[in-house]
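>>> quick one, fold the following:
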Amino acid sequence: MFNGIDKEKIDLNSFQLSKQKTDILTIYDRYELKFRLITGEEKTITLYTDKGTVPESTPDEYKGRESEFQNKIKEFFFKTLFQRDKSESRIYVGSFNYKDNSKPVNDIYSITKDGFRRKQDLFDNLTEALELYENGEITYEEFIEDFPELTKNQESKESKNSRQNRAEDFRASLNPDNYDKETEPPKIGKHYALGDIHGYKEPYDTALQMIKPEDSLVLLGDVIDRGPNGIDILQDLMRRKVNTPESNITFILGNHEKMMFDALNYILRLHLSPETINNINDCYNASYRQKRIYEYNQETGEGDMELAEELGRMCTSIKENIKRTISNNNINVDRMIENIGIWCHSKNGGAKTLQAFMDLDEDEQKNIFEFLRTSYIMKQQTVQGRKILFVHSRPPKDINLVKGLNQSNDYGIRPTQLPPEELNFVVWDRKIDTYSPCKGLGLETICGHEYEFNTAIVNRQKGYKRLDEGCGHGASSSVGLYCIEDDTVTHIGQDGKVFEANGTGKIKIIDERGKEETIEGTKIPTEFAR
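This next block holds a predicted model:
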């Protein structure tokens, strides 16, 4: 019996289980159990398992037997519920061990000192405190302060080692020998890619008007910052269900979305107030100015060193104020200031995006954060026999990561599947040539990130096309919309107007020997198109 219900009164065929978004209890995974009684009455119960013990996908040994594995999970939940009579709205069911489905039940409900009682007592205390928090009787800071386990878990999430381990597991699962597998997408229309739009919705809207429902579009990242509409664009992408089979649009993260995600990881987790965020930005700006003075002094022997010392004292004072507003002593304050400050700095233009983000309600903020977390970092398609790699700046340095793309279900890689240094490389780097190794695999790279005003770049020598035409860097700038089948680049102005075929928009051609030629218009000459 559980929740006062006898097992015999349940319609076993109605048993449904679904994973839900986690709440403050971050050391657990939350599930919703729905079932019907034989009387027809429907019931819903919230269950919690130890974090990460129920696999997100079917283990390799159950490939081809997915339904059998799902039944195994349901059996675990069903069996553990009837170990005791519980009537709470939140029920803890412990850890799932799919290799021995009977073992977890005994482990979870052990009466030893280090077994069930300790785990259950922690869960009971947490849920009691959570109820106080939800009723407004205690603050988030008071909740976290009493349960360091939650803080440690969150810290481990952002730990480089933890990320590195997950990325290494992904890397080890790849088989580069399978690279020749075809990746022809099921779309019947034409295929387009759009360069950096940097918060300007006008060129975004124009591009969407130009493609047909049967066409597909890949946005190459940096849809936010500098311009006023970054949040509007993200919300529109979410409404269109991009990166799902239901949508004809794919979204690739750029360095600006990466900066936004890194900043929001602190802002949302610590519930930072606008005042604290302003202090963080003031601290970063002062530190940045001080650094520039020191660099100028080293280069020329000049610079206002008294101002530099005053800026240093200012940073120290502001940082102390910031520390007093954060109850979590485990937070690396310097890293937090850098992550938030560098995004909001005038050179990156994140302040407009952050302001619009802070005006949203909490649920929408979390939805945007989750959307960024689960978007692609790169993706591969085969279009009319041409293998295309979409990425914001550059392919990763590890060529086997590229070779492994066609082994994923959707031919894409998410941020958590790359080691931190590779993730930063593919969205930021401007120096190292990783296009050429991809060209050696027969891949064309389509990217953005490095702009040249009103000019798309076709580099036949290294095998890439770059579509960042400076949108967000000046009122007369543009963005490139590339059609793969037609080998045309439509130049869309920051105001959303399409440039004339023989007008302002240009295409720079770099041939196999490295010789450059710039032409006006939209059509890539046939000898340079592929």
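>>> which strand or helix spans Glu68?
Per DSSP states H and E: Glu68 is located in helix 66-81.
>>> remind me what that helix packs against, helices and strands.
The contact analysis (3 or more Cβ pairs under 8 Å, 6 or more residues apart in numbering; DSSP states H and E) places helix 66-81 against strand 10-19, strand 28-37, strand 90-94, helix 103-108. Glycine gets a C-beta too; all of them are placed from N, C-alpha and C.
>>> residues contacting Leu234?
For Leu234, the contact set (Cβ atoms under 8 Å, 6 or more residues apart in numbering) comprises Val223, Ile224, Ile368, Phe371, Leu372.
>>> want to try TSV for those, with pLDDT and distance to Asp60 as columns?
Output for the contacts of Leu234, formatted as TSV (pLDDT from 0 to 100; distance: Cβ to Cβ, whole Å):
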residue	pLDDT	distance to Asp60
Val223	98	36
Ile224	98	38
Ile368	95	34
Phe371	94	29
Leu372	94	29
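>>> which ones among the residues you listed map onto helices?
When DSSP state H is applied, the contacts of Leu234 are split such that Ile368, Phe371, Leu372 fall in helices.
>>> could you give me the buried positions within stretch 296-314?
Buried residues in stretch 296-314, defined by neighbour count with 16 or more other Cβ atoms under 10 Å: Gly303, Ala308, Leu311, Met314.
>>> who's in contact with it?
Asp282, Cys283, Ala286, Ser287, Arg289, Gln290, Ile293, Tyr294.
>>> and if we set it to 7 Å?
Residues outside stretch 296-314 that contact it (Cβ atoms under 7 Å, 6 or more residues apart in numbering) are Ala286, Arg289, Gln290, Ile293, Tyr294.
>>> ok, and the most crowded of the contacts of Leu234?
Neighbour counts for the contacts of Leu234, by other Cβ atoms under 10 Å, peak at Ile224, which reaches 31 neighbours.
>>> what's it in contact with, if anything?
The contact partners of Ile224, taken as Cβ under 7 Å, 6+ apart, are Gly199, Gly230, Ile233, Leu234, His256, Glu257, Met260, Thr353.
>>> you'd agree Thr46 is in a strand?
Yes. When DSSP: H, G, I helix; E, B strand; the rest coil is applied, Thr46 is found to be in a strand.
>>> going forward, begin numbering at 55 instead of 1
Yep, numbering from 55; the last one is Thr100 now.
>>> bridged to it, which residues?
Thr100 has the following beta-bridge partners by DSSP bridges: Glu86, Arg144.
>>> quick one, what contacts it?
Contacts of Thr100 (Cβ under 7 Å, 6+ apart): Arg84, Glu86, Ser143, Arg144.
>>> of those residues, closest to Lys373?
Lowest distance from Lys373 to the contacts of Thr100 (Cβ to Cβ) belongs to Arg84, with 36.0 Å.
>>> count of neighbours near that closest one?
15.
>>> domains for this protein, by residue range?
Per automatic domain parsing, the domain ranges recorded for the chain read 61-212, 239-307+429-583, 312-423.
>>> need the pLDDT of the spatially closest residue to Asn513 that is not a sequence neighbour.
Leaving aside its sequence neighbours, Asn513 sits nearest to Ile564 (Cβ to Cβ, 6 or more residues apart in numbering; 4.4 Å). Per-residue pLDDT puts Ile564 at 95.
>>> perfect, I'm done here.
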